[in-house]
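Q: Generate a structure from the sequence data that follows.
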Amino acid sequence: MRQHFLPYSLVAAATLFSTTLGAEEINLDPIVVGADFRAQKLSETAGSVSVLTEADLADKAAEPFAEVVATLPNVNYSSGASRAKYIQIRGMGEKGQFETPVNPTVGIVVDGIDFSNTPLGVTLFDVKQVELLRGPQGTTYGANALAGVVNIQSNEPTKETQAHLEATVGNYNTKAFGAAVGGTLIEDRLLGRFSIYKNSSDGYITNTYLNRDDTNNIDELTAKAKLKWFVSSNHTIDVSYIHIDIDNGYDAFSPDNGYETQSDQPGKDAQKSDAFAMKSTYRPNDLFHVETKVSYSDADIEYSYDEDWTDGWNWTGFDQYLRNKKQTDLDVRLVSDEAGKILDGTTAWTLGAYYKKYESVLDRTESYIDPFHSEYETNTYALYGELDTQLAPKFKLLTGLRLEKWDMSYSDSENETYDGDETLWGAKIGIEYQRTPHQLHYAVLSKGYKPGGFNPVPDESGLPKRFDTENLWNLDMGVYSSYYDGRLATKVNFFYGKRYDQQVGTSFSDGPRYTDYITNAKEGTYYGMETEITYYPVETLKLYGSLGLLHAEFDEYYNPVDDISKDGRAPAQSPEYQYNIGVDYAFLDNWSFKANVEGKGSYYFSNSHDYKSDAYALLNSSITYMAEKWSATLWGRNLTDEAYDTRGYYFDNWFGDGAELYTQKGAPRTFGFTLSYDY
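A: Residues are numbered from 1 along each chain as shown. Here you go, the predicted model:
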């Protein structure tokens, strides 16, 4: 498809632009994005932004977060665990974690709490919306947002009493129950909302050796609490608490790459977390307000698996990674209000300071190597600012800058120690052109960064001990439009990025010790397009579609361990296209029908070998009956039972029989029934 990439991009864009030029103009959509310094309408946000609303998420509470987000253009995911939890944006992002400490490429924030390093804990019950911002978000989020940010917002407390109950049953012994309730706790003073969600399933793997069908099971509990305290007329405090208890099985790989395993020691993919966030918004005058955010999270994580994947007929091995991760964030910012704009009232401003402490302690136990212990700590200090200047009635200039001091220390049981510090910077400059009240054009140039680090690899391996900081320059250009009395809305975004000292995650296997490490490619390039369209031919019928096109490649990449130049090759997890086409239809007053097809092109599984996934398309559908406060939904996913892969490793697992490709299968056909009640 590579040779046809640009023509396809131009044809798709030309189609949408020609539609806009001949269409009647109307008001833009009301969706509000809260991931930046100021909440604003999606249609007024410069950059490539996608939003999944509460309606989009209504039947997805039990689905993996990563797979739901990956229905959006140029977003992919990798599994290699009980379920998918790592996401990639435009081919950038982690695929997993073993010994090497990871600084995230994609930021994940849930109710103001950073989950970038603990993505298994992200669940979707009682979520208001999911916001995806593509491209570097360094001015706002710093080093954890090289590729972009996913911002998840749970439902807020309300003055009126509200409640939602939900129960689900499905094949593979799927059972789920959720409850959320909120309202006024103290009149005119305190609002609250509380939710709990329990999700379980045997999973779709059958272990023929143990004669069990639950070795890759799902067992997840999430509890949330949110409080909104009106301290005074000019002071509000928002508090969020999240408790997570995930105890999933991990038994997903087999010698024949199917849905039947032979493991005698199935592993675990588990996480127990408690996380807290508090946001204070104080307005001392009508010129500006002060936002103070503090958050803390503590997570215990187990990732373990049967290394030989069999009953030990050739060899036997078990590998276990136990991690404790703690993170503290403090962010204080001054944000101008309307009366506080500077430069003759043309410029809104933001000024802030940030501190983060992150600690990770690892204990690895493996059958053939000595127990391994490591401690990793980072301290981050940052100053940042942003200006939004109205140059003329239709033109706005966007500028932002962030300076960040990064301190890192590492030590382990093999007497490796490393201390490093560096000063990093990110920036953006953009222009908005409000062509009409209903059409926004924009262009944004941004610089992102991701700090270097240390690989805890054995001396005898010859692998690089250190890797360098990556810097990225990214350009986004696009237009948001809406027409025909709100019945047609389009978004088109073109992007180009240049990566310097591109960090490349790869791996090495020598006997029983599987080693992941990070190296640097001198340069890399990517470019492409994201487009989304929604159309209501009639009030009861919604047609929608999205398309992501991506060309990514290493310009200069030579890994001396492989002794191969991979110049011109695409990085792992970079499909050249993906799409989502669907229909929502309401009929007979109380009934609604939904169906969509999500498709994805082929991509390399890893940077350490040249095997690729097959392209695939999945058909999903549901039918819902609504009666006053009740609703009942019959749903099905992957209805054609398409076989597809979500992770691939290539190595010799049988000591001398030769390296082979081993893949993890995606979910086969699943179906179920959900009953819900809203008060």
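Q: Name all residues that make contact with residue 519.
A: Neighbour list for residue 519: 464, 467, 503-504, 506, 559, 561 [criterion: CB atoms under 8 Å, 6 or more residues apart in numbering]. No exception for glycine: its C-beta is placed from N, CA and C like everyone else's.
Q: at 10 Å instead, please
A: The contact partners of residue 519, taken as CB atoms under 10 Å, 6 or more residues apart in numbering, are 455, 463-464, 466-468, 502-506, 557-562, 607.
Q: Kindly report the same for residue 459.
A: Taking CB under 10 Å, 6+ apart, one finds 414, 416, 465 in contact with residue 459.
Q: With residue 544 instead?
A: Counting by CB under 10 Å, 6+ apart, residue 544 touches 56, 489, 532-536, 580-584, 596.
Q: Just the buried ones out of those residues, please.
A: 489, 532-536, 580-582, 584, 596 (16 or more other CB atoms under 10 Å).
Q: Just name the closest of those to residue 314, please.
A: When the buried ones among the contacts of residue 544 are ranked by distance to residue 314 (CB to CB), residue 580 comes first, at 43.1 Å.
Q: what about residue 437, how many neighbours?
A: The tally of other residues near residue 437 (other CB atoms under 10 Å) stands at 11.
Q: mind listing the helices in the stretch 101-250 of the chain by residue range?
A: For the stretch 101-250 of the chain, applying DSSP state H, counting those that start in this stretch gives helices covering 138-141.
Q: Please report how far the residue lying farthest from the centre of the chain lies from residue 389.
A: Going by CA atoms, centre = their mean, the residue of the chain most distant from its centre is residue 344, 40.1 Å out. Residue 344 sits 10 Å away from residue 389, going by CB to CB, to the nearest Å.
Q: now do residue 350
A: Computed as CB to CB, the residue 350 to residue 389 distance reads 13 Å.
Q: In terms of neighbours, single out the busier of these two.
A: Comparing residue 350 with residue 389 by other CB under 10 Å, the one with more neighbours is residue 350, at 21 against 16.
Q: Can you tell me the SS state at the more buried one?
A: Three-state assignment for residue 350 (DSSP: H, G, I helix; E, B strand; the rest coil): strand.
Q: List the residues that contact it.
A: Going by CB under 10 Å, 6+ apart, residue 350 touches 36-38, 139-140, 288, 291, 333-336, 384-388, 400.
Q: Sketch out the low-pLDDT regions of the stretch 51-200 of the chain for me.
A: For the stretch 51-200 of the chain, applying pLDDT under 70 flags no range at all.
Q: For residue 44, what are phi and psi?
A: Per-residue torsions, residue 44: phi -110, psi 10 (degrees, to the nearest 10).
Q: Now do the same for it: its pLDDT.
A: If you check residue 44, the pLDDT there is 76.
Q: burial count for it?
A: By other CB under 10 Å, the residues close to residue 44 number 15.
Q: Surely it is in contact with residue 434?
A: Yes - the criterion here is CB atoms under 10 Å, and residue 44 meets it with residue 434 at 8.3 Å.
Q: quick revisit: want to throw the buried ones among the contacts of residue 544 into a markdown table with distance to residue 379 and secondary structure?
A: As requested, the buried ones among the contacts of residue 544 are exported to a markdown table (distance: CB to CB, whole Å; DSSP: H, G, I helix; E, B strand; the rest coil):
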| residue | distance to residue 379 | secondary structure |
| --- | --- | --- |
| 489 | 44 | strand |
| 532 | 39 | strand |
| 533 | 45 | strand |
| 534 | 44 | strand |
| 535 | 50 | strand |
| 536 | 51 | strand |
| 580 | 41 | strand |
| 581 | 47 | strand |
| 582 | 46 | strand |
| 584 | 48 | strand |
| 596 | 45 | strand |
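Q: Export those as a markdown table, with columns for distance to residue 360 and pLDDT.
A: Output for the buried ones among the contacts of residue 544, formatted as a markdown table (distance: CB to CB, whole Å; pLDDT from 0 to 100):
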| residue | distance to residue 360 | pLDDT |
| --- | --- | --- |
| 489 | 43 | 93 |
| 532 | 37 | 96 |
| 533 | 42 | 96 |
| 534 | 42 | 95 |
| 535 | 47 | 96 |
| 536 | 48 | 95 |
| 580 | 35 | 97 |
| 581 | 41 | 97 |
| 582 | 40 | 97 |
| 584 | 43 | 96 |
| 596 | 38 | 97 |
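Q: Closest one of those to residue 626?
A: Relative to residue 626, the closest of the buried ones among the contacts of residue 544 is residue 584; by CB to CB it sits at 13.3 Å.
Q: quick one: the closest residue to the closest one other than its chain neighbours from residue 651, how far?
A: Computed as CB to CB, 6 or more residues apart in numbering, the closest residue to residue 584 that is not its neighbour in sequence is residue 542, at 4.2 Å. Separation of residue 542 from residue 651 (CB to CB): 47 Å.
Q: List the buried residues of stretch 558-567.
A: 559, 561, 566.
Q: Show me where the stretch 551-679 of the chain has its strands.
A: Under the criterion DSSP state E, counting those that start in this stretch, the stretch 551-679 of the chain carries strands at the ranges 558-559, 564-565, 577-587, 591-600, 616-627, 630-637, 645-651, 660-665, 670-678.
Q: Excluding chain neighbours, what is closest to residue 54?
A: Spatial nearest neighbour of residue 54, chain neighbours left out: residue 128 (5.4 Å); criterion: CB to CB, 6+ apart.
Q: Tell me how many other residues crowd the one you found.
A: For residue 128, using other CB under 10 Å, the count is 14.
Q: How about the one 4 residues further on?
A: Residues lying near residue 132 (other CB under 10 Å) number 24.
Q: next one: residue 439
A: Residues near residue 439, counting by other CB under 10 Å: 20.
Q: where does the protein dip in pLDDT?
A: Applying pLDDT under 70 to the chain flags residues 1-30, 33-35, 37, 312, 510-513, 654-656.
Q: wait, what's in contact with residue 192?
A: Going by CB under 10 Å, 6+ apart, the list of residues near residue 192 reads 157-158, 181-186, 225-229, 239.
Q: Which of the residues you listed has the largest number of neighbours?
A: Most surrounded of the contacts of residue 192: other CB under 10 Å gives residue 182, at 25 neighbours.
Q: Mind jotting down where the strands sit in the stretch 201-350 of the chain?
A: 206-207, 218-232, 235-250, 260-261, 267-282, 288-306, 318-336, 347-366.
Q: Reformat those as a markdown table; add distance to residue 639.
A: Shown next, in a markdown table, are the strands of the stretch 201-350 of the chain (distance: least, CB to CB, whole Å):
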| stretch | distance to residue 639 |
| --- | --- |
| strand 206-207 | 21 |
| strand 218-232 | 21 |
| strand 235-250 | 25 |
| strand 260-261 | 22 |
| strand 267-282 | 27 |
| strand 288-306 | 31 |
| strand 318-336 | 36 |
| strand 347-366 | 41 |
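Q: out of those strands, nearest to residue 147?
A: Taking the strands of the stretch 201-350 of the chain one by one with CB to CB, strand 347-366 is closest: 18.7 Å.
Q: Beta-bridge partners for residue 440, please?
A: residue 434, residue 480 (DSSP bridges).
Q: That one and residue 429: what is the separation?
A: According to CB to CB, residue 440 stands 17 Å off from residue 429.
Q: hmm, back to that, going by neighbour count, which of the contacts of residue 459 comes out on top?
A: residue 416 (16 neighbours).
Q: In contact with residue 493, which residues are there?
A: Residues near residue 493 by CB under 10 Å, 6+ apart: 13, 47-50, 73-74, 134-135, 442, 444, 476-480, 528-532, 548.
Q: now swap in residue 220 and tell me
A: Contact analysis of residue 220 by CB under 10 Å, 6+ apart lists 62, 82-83, 120-121, 123, 125, 176, 197-201, 244-248, 270-271.
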